[in-house]
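Peer 1: Quick one, fold the following:
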Amino acid sequence: MESTTRLAFDDFLRSLRMAYRVTFEKLLEQELARAEDIRLFGTTFAAGFLFTTLFIA
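Peer 2: Sure thing, here's the model as predicted:
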């Protein structure tokens, strides 16, 4: 009986770890996409500012 309970608990922990892994991978993917968007915005803004400054000067 104890070994059956232990196996069931191990299966539960394994499935829980897998769920956390999938969730973490998805969140990491979203965070990387967000960081890329911010970097792209910053680069575009800096290029626009530089172009405007050179155009005015």
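Peer 1: From here on, just use CA atoms for contacts and neighbour counts.
Peer 2: Fine.
Peer 1: Against Val22, how distant is Ala8?
Peer 2: According to CA to CA, to the nearest Å, Ala8 stands 21 Å off from Val22.
Peer 1: what's the answer for Ile38, then?
Peer 2: Taking CA to CA, one finds Ile38 at 25 Å from Val22.
Peer 1: Please enumerate the helices of this structure.
Peer 2: 2-56 (DSSP state H).
Peer 1: Point to the residue nearest the middle of it.
Peer 2: Leu28 (1.9 Å; CA atoms, centre = their mean).
Peer 1: Roughly how far does it sit from Leu40?
Peer 2: Leu28 is 18 Å from Leu40, by CA to CA.
Peer 1: again, but for Asp10
Peer 2: Taken as CA to CA, the span from Asp10 to Leu40 is 45 Å.
Peer 1: try Ala47
Peer 2: Ala47 is 11 Å from Leu40, by CA to CA.
Peer 1: same question, Thr52
Peer 2: 18 Å.
Peer 1: what's the burial count for Tyr20?
Peer 2: 12 (other CA atoms under 10 Å).
Peer 1: now do the one 5 residues further on
Peer 2: Other residues within reach of Glu25, judged by other CA under 10 Å, total 11.
Peer 1: show me the contacts for it.
Peer 2: With contacts defined as CA atoms under 8 Å, 6 or more residues apart in numbering, Glu25 has no neighbours.
Peer 1: burial count for Ala57?
Peer 2: With other CA under 10 Å as criterion, Ala57 counts 6.
Peer 1: which residues touch it?
Peer 2: Counting by CA under 8 Å, 6+ apart, Ala57 has no contacts.
Peer 1: low-confidence ranges in this protein?
Peer 2: Filtered on pLDDT under 70, the chain yields the residue ranges 1.
Peer 1: CA-only coordinates of stretch 6-21 in CSV, if you can.
Peer 2: C-alpha atoms of stretch 6-21 as CSV (Å, rounded to 0.1, in the frame of the first residue of the first chain):
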residue,chain,number,x,y,z
ARG,A,6,4.5,6.6,-3.1
LEU,A,7,4.4,5.8,-6.8
ALA,A,8,1.2,7.9,-7.2
PHE,A,9,2.8,10.8,-5.3
ASP,A,10,5.9,10.5,-7.5
ASP,A,11,3.7,10.6,-10.6
PHE,A,12,1.9,13.6,-9.3
LEU,A,13,5.2,15.4,-8.6
ARG,A,14,6.5,14.5,-12.1
SER,A,15,3.4,15.9,-13.7
LEU,A,16,3.6,19.0,-11.6
ARG,A,17,7.2,19.6,-12.6
MET,A,18,6.3,19.2,-16.2
ALA,A,19,3.5,21.7,-15.9
TYR,A,20,5.9,24.2,-14.2
ARG,A,21,8.5,23.6,-16.9
